[in-house]
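Chemist: Provide a 3D model corresponding to the input given below.
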Amino acid sequence: MKKLISIIFILVVITVGIFFFLRNVDVDVDYDRFNLVAPGVLRTPVERFNNIIDYPFKANYLTIGDTRIHYLDEGPDDGEIIYLLHGEPTWSYLFRKMIPTLTEAGYRVIAPDMVGFGKSDKYISIENYSHQMHVDKMTQLIVELDLYNITAHVHDWGGLVGLRVIAEEPDRFSRIIASNTSLIAPGRGFFRDLMSFISYPLFKLGIWFQGPATWEEFIGGDGFTGWIRYSRYTDNIDVGGIMQTLGNVTDLERAGYEAPYPNATYKAGPQIFPYLIPSELRKNEIAYRNVFEKWHKPFLIANSDNDPVTGNNPRMVSMLKRIPSAQEVVISGPGHFLQEEAGPECAQLIIDFINDNPKGFTMDQKVISKEDIL
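Modeler: Here you go, the predicted model:
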């Protein structure tokens, strides 16, 4: 009996040893099979972008740290640079209707995709995303491309990231146009300084307390909080649905926005972005005090009057008016994604701004008909 027990014990030990060996052995992982380029980093297959509408632009790539960043570089090499930075949940596809007008006027357009968006690499875990990470990556892209005399057009989250990029490298930028965005900061004063440290923990506690929101609650609810509760807790954020609801895009255009995401595994970037909005109030405040309150180069606020983001949060506009040179025009008609509804007109506004003659404009709000939805 003792002999049998000894044999069983030895077999168990051998089995356990084999299990741990196989578990830790350096096995060749077929990264391509899972579109992994590194542990925890995904790359959307290029075939996903082959048939999207109205996006004929050449892809350019730059490896920054552990991710490959995609960017558009259109127009003459010696043209004055216009930098277009997208927001949530878009990518450089957002600017496809603007780029031809800008390049035909002789400008060089640089339009990157942030990490987690478009043709850029995507972290699988939401834990790898932070406001500062996006700022660092986009700043490094500007530096490595050695860009100067830049006119920056920032939109949505492109403002929160882009304005911080500009604060890191202010001498590279000549002027800024901000549309339907802001750089959220508490302002000056002891109490506001204190709030800059505790606001984000309180915000996260509030979101946790309220819990998840359904798609229906997001669309029909209170906007900002419902949006964050929906995106933070959903298993599969509906990028195309957001763009059809807020951007009035057709089904073919919707497919362009969904192209970067073969499945939910790729969507950690757009999922966590709204949750990060108030994550760096202190750093944003420092950017105002060190750079933007001393900014005397041209700065234009160009919001649309039907934008539910800035329209329901007037303080977002007042924050930008801390900038001494800030002037404001209104775009009447389009909603939040005005680049979709008024792409060529927005491009012309940038050109007019460069020529010191920016003017607001009016156009009918785009409504998708049954004929547009294929």
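
Chemist: correct me, but V329 touches F299?
Modeler: No - with contact defined as Cβ atoms under 8 Å, V329 does not count as touching F299 (11.9 Å). All C-beta spots, glycine's among them, are computed from the backbone N, C-alpha and C.

Chemist: Please identify which helix or strand holds N303.
Modeler: Per DSSP states H and E: N303 is located in strand 299-304.

Chemist: Enumerate every residue touching the closest residue to L42 other than its chain neighbours.
Modeler: By the measure of Cβ to Cβ, 6 or more residues apart in numbering, the closest residue to L42 outside its immediate chain neighbours is K122, 4.6 Å from it. The neighbours of K122, taking Cβ atoms under 8 Å, 6 or more residues apart in numbering as the test, are V41, L42, R43, T44, V115, G116, P260, Y266, A268, G269.

Chemist: of all the residues you listed, which comes closest to I52?
Modeler: Taking Cβ to Cβ as the measure, I52 lies nearest P260 of the contacts of K122, at 10.0 Å.

Chemist: what's the distance between the closest one and F361?
Modeler: 31 Å (Cβ to Cβ, to the nearest Å).

Chemist: Between these two, which has more neighbouring residues?
Modeler: Using other Cβ atoms under 10 Å as the criterion, P260 and F361 rank with P260 on top: 28 against 17.

Chemist: related to what we said a few turns ago, now, which of the contacts of K122 lie within strands?
Modeler: Taking DSSP state E, the ones among the contacts of K122 that sit in strands are V41, L42.

Chemist: Can you redo the contacts of K122 as TSV, where the extra columns are distance to I177 and pLDDT?
Modeler: Output for these, formatted as TSV (distance: Cβ to Cβ, whole Å; pLDDT from 0 to 100):
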residue	distance to I177	pLDDT
V41	33	96
L42	33	97
R43	32	97
T44	29	97
V115	24	98
G116	24	97
P260	26	97
Y266	31	97
A268	30	96
G269	25	96
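
Chemist: what about A264, distance to D235?
Modeler: According to Cβ to Cβ, A264 and D235 sit 6 Å apart.

Chemist: Neighbour count for those two, which is higher?
Modeler: The neighbour count for A264 versus D235, taken as other Cβ under 10 Å, is higher for A264 (12 against 8).

Chemist: What pLDDT is listed against that one?
Modeler: A264 is assigned 95 on the pLDDT scale.

Chemist: if I look at the closest residue to it other than its chain neighbours, how far off is N357?
Modeler: Distances taken as Cβ to Cβ, 6+ apart put N236 closest to A264, at 3.9 Å, once the chain neighbours are dropped. As defined by Cβ to Cβ, N236 lies at a distance of 46 Å from N357.

Chemist: can you pull the contacts of S92?
Modeler: Counted by Cβ under 8 Å, 6+ apart, S92 has contacts F57, H70, Y71, L72, L84, H86, A111, P112, D113, G118, K119.

Chemist: Now list the buried members of the residues you listed.
Modeler: Buried members of the contacts of S92, counted by 16 or more other Cβ atoms under 10 Å: F57, H70, Y71, L72, L84, H86, A111, P112, D113, G118, K119.

Chemist: For the third one, pull up the helix or strand it's in.
Modeler: For Y71, the element it lies in under DSSP H and E is strand 67-74.

Chemist: Listing partners with orientation, what would you give for the following helix or strand past that strand?
Modeler: Sequence-wise, the next helix or strand downstream of strand 67-74 (DSSP H and E) is strand 81-85. Sheet pairing of strand 81-85 (DSSP bridges) gives strand 108-112 (parallel), strand 150-155 (parallel).

Chemist: then the next helix or strand after strand 81-85 to PDB, C-alphas only?
Modeler: Once strand 81-85 ends, the next helix or strand along the chain (criterion: DSSP H and E) is helix 99-104. Extracted in PDB, the C-alpha atoms of helix 99-104 (Å, rounded to 0.1, in the frame of the first residue of the first chain):
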ATOM      1  CA  ILE A  99      -8.600  68.100 -46.300                       C
ATOM      2  CA  PRO A 100      -9.200  68.600 -50.100                       C
ATOM      3  CA  THR A 101     -10.100  72.300 -49.500                       C
ATOM      4  CA  LEU A 102      -7.000  72.800 -47.400                       C
ATOM      5  CA  THR A 103      -4.500  71.100 -49.700                       C
ATOM      6  CA  GLU A 104      -5.900  72.700 -52.800                       C
END
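
Chemist: G206: neighbour count?
Modeler: Quick note: G206 (other Cβ under 10 Å) scores 12 neighbours.
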